[in-house]
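Participant: Mind looking at a prediction? Sequence and model below.
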Amino acid sequence: MKRSPQILLLWAAFFATAALADEAVLTLPESAASAITLTVGEGSTDLSPEDILRVYVGAAAECCAGQSPIAGRYSVTDGVISFEPAFDFLEGYPYTVATWQGELAEFVVGSATTVAPPEVLAIYPSGPSLPENTLRFYIEFSVPMMPHRAEEFINLVDAQGRTDDQAFMSFTQELWDADRTTLTLLMDPGRIKRGVAQNLTLGPALEEEQSYLIVVDPGWPAANGLAVAPGFERPFSVGAALRNLPSAQAWEISTYEIGTREPISITFDRPFDRFQTLSSITIVEATTGTLIEGVASLGDDEQSWRFAPSQPWSAERLHLVVDARLEDVAGNNFRDTLDHTLETETRQIDEIIVPLTARP
Amino acid sequence: MKCLQTTASAAVSAAMGFALAGAAAAQELEFAGALEFSDEGTLFVGDNHQGAIYAFDMSEATAPEQVVPVNIGDIDVRLADVLGIPSSALAINDMAVHPISADIMISVSRIANFESAPAIIRITQAGAIEVLDLSTFEVQRQALDNFPDQETTFRPRGLGQMPPLTRDAAKGEIRLSSLAIMDIEFHEGELFVSGVAFDNFLSTLRRMPYPFTGAQSMASVEMYHISHDQYETRAPIRAMSIQEVDGRTQLIAAYTCSPIVLIDLEEIVDGAEISARTIMDYGNGQPLDMVEFNLGGEEMLFLTNNSRQPHVFPVSGFADATVWGPDDFPRGGQSDMSPLMPVGEFGTSIMFDGMSLQIAPLGDQLFVSLTRDLYTGNLNMDSNFNGFPNRLHNLVAEFDFPQYWAEQ
C-alpha cells in the first residue's frame, strides 16, 4: 500500500500508528524506553525479524546507506515483531524505522519539557528598586542550560542604552547550581568597594537614582542543545546603598498558636539573599534544639519569610536561629559589612537566636 | 590497556551526574573505562563512577584460523549508529583485543540528554559491530579502597593572562575521579591499577589478586619530573607495562609531559610510598597507550601520545638505565627547546600517519588503532603491521607515479 500524505503526517507525529502493508501495522514508540512493534500476521517467511524491521538513528531523509541499525532485542509473538532498543531513544532526536519493503517511518520521542524552548523564569533579587551596592543576582531558568555562555548573553544596560561590559565578575568557572538551572551572577566587588582600583577608575556599575536593565539576549541554548531561550529583560531602579549590618532586632516576627499549623512570618529590615535565606533561618525547640520540620518561603521581594510547620506547633518555647553568615542583597552579614574600613571590628558570632512567642 | 581521554565530550559526561539508562545487562556497571584482558580472556573494566573493577568471564571463545586486519572508516559514527545516538554523543574510553578470538572491545559512554550509560562494543574479525550484553557473562566485582569522591573537580587554568577558552573552563567540570582508574595491567594472577586515590598523595598503584578475594594493596608513587623540575605526587601514571628488566619484574610507567619511570613490582606493598626511578623524559605531551609487541624476536614497547609521534622502545634498553634526579640538572623547568631534553633517550620516535586515540596489538603481527585522520578529521579503525615505517603507503610519493613503474 502506498503511503498517503495523511499517513506521512501521522508518522512525523508522536505515537503514530500506520499501515505498511495490507496486513502490517507499525506502532512507533510512545516514550524513550518503549518498544516498536510491527504486526505482520501469521504466516511463514524466510526473513528474520532483523530483515523485516530495523531502526536507525537520524532522519528518514538521510537514512540509511552505510549505517548500522541500532542495537536491541527482537521478539516475535502471534505475528507481532517487537523491537526493544538496548538503550532509551534520545528525546527530541529523530529515528527512522525501515521495513523489509523499504518503507521508512521517522519518529521523535520526547516529553514537552525536553524539546520546549528554555526560558528565564526570574532574576533575583526581585524588588523594583535595589541598593546601589547590590552584590549578587540569580538567574533562574526553566531547564538546565549550556554553560560558559553567560558572558556572551548577559549584559547590564543603563537607561541610555549603554552596555557596561565590566559590571559582572568574570570567572574561569560559572557559578551554576547542581542541575544547572540557576546561575549566580556576581557584580564585580571591585566596583562596589569604595576606594579600590576599579571603583576609582570605572566607578560603581550601579548608581543611585538611575535605572538599569539586566538583559539576557535571545539564543542561549539549553544544556541538551535542542532549543534556545528567547530574550529576557529585568528592569530595576537603584536606591541608596546598604552599608550597615542587618539587625534581627528590627524584624517584625509573628507569634504562633500551639495546636495550629498557622505559619510564622517575619518582615525583615531589608531584602536578603534569596537562596541563602532559605537555608540560613531555622526554628528549633528551645530546650532540646530539635529542628522543627516545615516549609519556608520568601515573599515581598525577599523582604519577608514565612514558615509553615509540617505538624501543629506543640512546643511552649521555640527559638528562631539565624546563621550569622546570612547576607543581605549587598553581601553584608551579621558579622561585618562587605565594604568596611580596616579599623572596623567584626562581630564574632555564629548565629542569632530570637525567642518566639506563643499566643495563649 | 590504557587511559581515559578527557575530550570535550568526556568533560560533559563527567560534569553531569551519570545515571543508568537502557540495557538491563549493564545494570551494575555505571561507567566503562579502562579495559584489560587476562591471558585466558577475562575482560577487566574500570568503573570510575563507582570506584570498582569488574571482571567479565569471556574465556569461552574460538580462535580464528588467522588473525586478519579490521578496517572500518568513521568508526565513531558506526559505533554511535549501533547505540542510537549522533556521534557527538559518544565518548570512546578504551580499547582492548580478546587474546583468543581477536575480537576488538571498545568501552564507551553513551551520552543522552541529561545522563550517560556505559557500553562495551565488540567488533568481530568479520567487522560486525555489536553491543555486548554483559548480563550473559559471569562477573566478579572488586570495589577500590580510598576512591576519590564524585564532587571534586580540577582547577581550570588558561594560557597565562589570556581569558580562558571554553575548553579551559570545561576542565573545571572534570572530576578528579575520572583519573582514578587510568590503566589496568594483568600479570600472573594479579591486577595492577594506576590512578589517583583520595589523599594528598594522590598518585597511586593498586594491586589485587584475581579471582578477586577482597584483598588489595595501595602504594603511593612519587617521581622526579625532569621538565617540571619537581617531585610530583599527584599526577597519575597514564600508561604502563610489566616487563623483566635487570632480572627483576618491573613496571614501566609513562606520565604526562612525559617522564618514563621504573618501579620494582616487589615495592608495591600496602602503605608503601614509592619513589619511582625516572629514567627518561622525552618532552611535553600526554601518553595514551603503552602496548607490548615482538619485532624480529625482540620484545618492544609502543607508546602513543596525544601530542607527539609514537615512540618505540626495545625492552632491553631499560637494562642498566641511568636514574635521573634533581642533582643532574640545573634548577628550573626544562622546556621543549632545552638542549638537555629529551634525556635518557633510547628507542625511536617513528612515523605514524594521523594520531592514534587508542591502540592495541591485534594478533602477533598487527596493531589495531582508532586513528584521527589529519586531513578529514575522521576517526577510523585501522589495522597495520607492527613493523616500521608503518602506514607509509598512505603518503603520496615517487612510488605513486605510473611513470615510476613504467621505468621499472
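Facilitator: Perfect, I can see it now.
Participant: Name the residues that touch stretch B:362-380?
Facilitator: The list of residues contacting stretch B:362-380 from outside it, by C-beta atoms under 8 Å, 6 or more residues apart in numbering or on different chains, reads B:67, B:69-76, B:92, B:95, B:97, B:102, B:104, B:106, B:291, B:293-294, B:302, B:353-361, B:381-386, B:390. The C-beta positions use only the backbone N, C-alpha and C, and glycine is treated the same way.
Participant: May I have the distance across stretch B:362-370, first residue to last?
Facilitator: End-to-end distance of stretch B:362-370: 13 Å, with C-alpha to C-alpha, to the nearest Å as the criterion.
Participant: in chain A, which segments are predicted with low confidence?
Facilitator: For chain A, the stretches with pLDDT under 70 are A:1-23, A:43-44, A:111-115, A:172.
Participant: Contact residues of it facing chain B?
Facilitator: Applying C-beta under 8 Å from any C-beta of the partner chain, we find that chain A lies next to chain B at A:33, A:55-58, A:67-71, A:85-93, A:95, A:114, A:144, A:147-148, A:170, A:172-174, A:223-224, A:226.
Participant: Residue B:47: what's it in contact with?
Facilitator: For residue B:47, the contacting residues are B:29-33, B:53-54, B:118, B:181, by C-beta under 8 Å, 6+ apart.
Participant: Can you tell me which of those is nearest residue B:212?
Facilitator: For the contacts of residue B:47, the minimum distance to residue B:212 (C-beta to C-beta) is 7.9 Å, reached by residue B:53.
Participant: Surely that closest one is in a helix?
Facilitator: No: remark: residue B:53 does not belong to a helix; assigned using DSSP: H, G, I helix; E, B strand; the rest coil, it is strand.
Participant: quick one, what contacts it?
Facilitator: Applying C-beta under 8 Å, 6+ apart to residue B:53 gives the contacts B:44-47, B:141-142, B:144, B:181, B:184, B:191, B:193, B:208, B:212.
Participant: which among those residues end up buried?
Facilitator: The neighbour-count test (16 or more other C-beta atoms under 10 Å in any protein chain shown) marks B:44-47, B:142, B:144, B:181, B:184, B:191, B:193, B:208, B:212 as buried among these.
Participant: Just the buried ones from the contacts of stretch B:362-380?
Facilitator: If we count by 16+ other C-beta under 10 Å, the contacts of stretch B:362-380 have these buried: B:67, B:69-70, B:72, B:74-76, B:92, B:95, B:97, B:102, B:104, B:106, B:291, B:293, B:302, B:353-361, B:381-384, B:386, B:390.
Participant: Inside helices: which ones of these?
Facilitator: B:75-76 (DSSP state H).
Participant: Among the buried ones among the contacts of stretch B:362-380, which ones lie close to chain A?
Facilitator: The subset of the buried ones among the contacts of stretch B:362-380 within reach of chain A, by C-beta under 8 Å from any C-beta, is empty.
Participant: pLDDT at the closest residue to residue B:33 other than its chain neighbours, what is it?
Facilitator: Excluding the flanking residues, the one nearest residue B:33 by C-beta to C-beta, 6 or more residues apart in numbering or on different chains is residue B:46, at 4.2 Å. Looking at residue B:46, its pLDDT is 97.
Participant: On the three-state scheme, residue B:46 is what?
Facilitator: Per three-state DSSP, residue B:46 ends up strand.
Participant: Thought residue B:179 was touching it, still the case?
Facilitator: No: using C-beta atoms under 8 Å, residue B:46 is not in contact with residue B:179, being 10.9 Å away.
Participant: re the thing from before, of the residues of chain A next to chain B, buried ones?
Facilitator: The neighbour count (16+ other C-beta under 10 Å) marks A:55-58, A:67-71, A:85-93, A:95, A:114, A:144, A:147-148, A:172-174, A:223-224, A:226 as buried among those.
Participant: Give me the subset of those residues that lies in strands.
Facilitator: In strands, judged by DSSP state E, the following of these are found: A:55-57, A:85, A:95.
Participant: Contacts only, for residue A:136.
Facilitator: Residue A:136 is in contact with A:184-187, A:273, A:327, A:329, A:331, counting by C-beta under 8 Å, 6+ apart.
Participant: switch the cut-off to 10 Å
Facilitator: A:124-125, A:169, A:175, A:184-187, A:273-276, A:327, A:329-331 (C-beta atoms under 10 Å, 6 or more residues apart in numbering or on different chains).
Participant: between the ones in strands among the buried ones among the residues of chain A next to chain B, which is closest to residue B:223?
Facilitator: Comparing these against residue B:223 with C-beta to C-beta places residue A:57 closest, at 44.9 Å.
Participant: Quick check: closest non-adjacent residue to that closest one.
Facilitator: residue B:84 (4.8 Å).
Participant: doesn't residue A:84 make contact with the one you found?
Facilitator: No: under the criterion of C-beta atoms under 10 Å, residue B:84 makes no contact with residue A:84, lying 11.9 Å away.
Participant: what touches both of those two?
Facilitator: With C-beta under 10 Å, 6+ apart as the test, residue B:84 and residue A:84 both reach residue A:72.
Participant: Comparing the two, which residue is more hemmed in?
Facilitator: Legend: neighbour count by other C-beta atoms under 10 Å in any protein chain shown for residue B:84 and residue A:84, higher for residue B:84 (27 against 15).
Participant: What score does that one have for pLDDT?
Facilitator: 95.
Participant: And for residue A:104, the neighbour number?
Facilitator: Residue A:104: 16 surrounding residues under other C-beta under 10 Å.
Participant: That should have said residue B:161, apologies.
Facilitator: Around residue B:161 there are 5 other residues, counting by other C-beta under 10 Å.
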